[in-house]
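Visitor: Next come a sequence and a model predicted from it.
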Amino acid sequence: MDSLTFHLAQTDDYQEIVKLSEGIYEGHDYLPLKFSDWLQRENLHIVLPYFGSQLVGLQAYFVVDEGRTFIRRASRMHPNFRGQGLIRPLREFMAKHAKSHYPCVQRERFTTNYENVNCTDQTKLYESKVDAFNVDKEKCTQITEGKINFNIMVDIQQCPRKHFSDILSAPLMYGLFPNNVIVVNSCPFAPLQSNIDYILQETDEIFVEKCANTFPKSISFGTFSPRLKFLHWLVSVYSDDLNLYEAHLRYQFRHACGVIRNDFVFVSFHDKSLSPLVKKLMEEELQLQVCEYYKNKTMKLYETKCTP
Ligand SMILES: CC(C)(COP(=O)(O)OP(=O)(O)OC[C@H]1O[C@@H](n2cnc3c(N)ncnc32)[C@H](O)[C@@H]1OP(=O)(O)O)[C@@H](O)C(=O)NCCC(=O)NCCS
């Protein structure tokens with residue numbers, strides 16, 4: 001049998017990437033829609049493993065935290081080649097590539113909703129509950145036209161880039177982020193000013209509570225994420241204050257309805273203690289159905305220290 005060879009993806013690999021994505025995540029895969037954008041990013045690399053001329057998988061990574069972290073994302077193995085241990089050499093090639101091109105790299109991080117990650121190699125840093133709800137176009141219209149009484153108890157406002165930069169420059173703010181990590185669009189970032197552009201590539205909106213001349217006590221990130229057969233709005237809210245937390249969630253929901261104006265899936269990533277609050281709002285007040293695909297899923301963040 002041929003041994004695996006590895007190539008970096010190029011524009012004309014697109015059709016093969018689309019084929020590889022077929023059947024993945026029941027239509028919730030984002031990769032074919034992100035592929036062209038990812039190829040333009042200077043710190044993101046997509047590795048393709050081949051048996052002879054057959055593409056058998058894919059593994060992307062990108063480098064953040066001033067070159068100290070590489071984030072593994074979008075692992076794929078063709079269904080005919082799963083369970084044969086091929087993902088390991090692919091990931092080893094990726095790690096070698098990262099270390100040789102980014103000499104400051106100290107750690108690998110990734111998020112997954114998979115339950116059986118091998119923890120002899122990696123440490124779990126964080127786990128958040130994922131609650132997702134189907135929103136239909138009619139509900140969007142009712143919310144945007146104010147036909148549903150939907151109170152937001154605290155003033156929430158957009159956080160411009162400059163304000164976000166100030167927040168990241170204040171070490172006192174870091175307490176907002178568990179483990180000193182901001183997870184946006186399933187990508188973990190250290191709260192560093194140097195990450196701003198990378199964070200803004202992964203999110204569409206940042207919100208904070210209105211506060212005159214002081215640093216906010218809450219911040220949230222909202223990402224519009226089109227998938228093969230669905231549209232998603234992904235939300236992560238950072239706050240220790242339940243009222244602020246709820247205000248962000250409501251604001252994000254109203255904002256997503258206004259932006260998308262179509263059927264979509266509202267996906268919230270939060271500590272499991274907040275699940276009852278999220279469900280009360282989404283299921284009882286807004287009468288939304290749970291999205292089956294995300295039922296009982298959690299998002300885990302893992303880290304592996306790099307050896308030279
Ligand atoms: C995830 C996927 C790439 C794994 O490939 P595979 O050939 O089935 O992998 P194996 O079952 O041989 O497992 C190999 C290793 O990957 C780990 N693994 C398997 N699925 C994983 C997942 N979803 N996330 C993280 N690790 C995973 C296993 O624990 C195992 O670890 P070890 O080698 O350290 O023991 C493949 O199942 C796939 O393409 N699935 C659909 C897409 C997907 O779920 N991607 C994952 C996250 S983006």
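Guide: Arrived safely. Values in this document were obtained by computation on a predicted structure and should not be read as measured data.
Visitor: Give the pairing partners of the strand ranked longest in the chain; include direction for each.
Guide: Identified as the longest strand of the chain according to DSSP state E is strand 123-135. Applying DSSP bridges, strand 123-135 is found paired with strand 264-270 (antiparallel), strand 289-290 (antiparallel), strand 298-305 (antiparallel).
Visitor: would you list these in CSV and tack on mean neighbour count, distance to the ligand and mean pLDDT?
Guide: In this view, the C-beta of every residue, glycine as well, is placed from N, C-alpha and C. Supplementary listing: those in CSV, determined by neighbours: other C-beta atoms under 10 Å; distance: least, C-beta to the nearest ligand atom, whole Å; pLDDT from 0 to 100:
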stretch, mean neighbour count, distance to the ligand, mean pLDDT
strand 264-270, 24, 15, 98
strand 289-290, 13, 21, 98
strand 298-305, 17, 8, 97
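Visitor: Figure out which of those strands is closest to L249.
Guide: The closest approach between L249 and any of the strands paired with strand 123-135, judged by C-beta to C-beta, belongs to strand 264-270 at 6.7 Å.
Visitor: next structured bit after the closest one?
Guide: Taking DSSP states H and E as the definition, the helix or strand that follows strand 264-270 towards the C-terminus is helix 275-279.
Visitor: Please identify the buried residues of that following helix?
Guide: Residues of helix 275-279 classed as buried: L277, V278 (neighbour count, 16 or more other C-beta atoms under 10 Å).
Visitor: Now tell me what touches that helix from outside.
Guide: Taking contacts as C-beta atoms under 8 Å, 6 or more residues apart in numbering, the residues outside helix 275-279 that touch it are K129, D131, L242, Y245, E246, L249, S268, H270.
Visitor: ok, and the closest non-adjacent residue to the third one?
Guide: Right, L242. Leaving out its chain neighbours, the residue that sits closest to L242 by C-beta to C-beta, 6 or more residues apart in numbering is L277, at 7.0 Å.
Visitor: Count the neighbours of D166 for me.
Guide: Other residues near D166 number 14, with proximity taken as other C-beta atoms under 10 Å.
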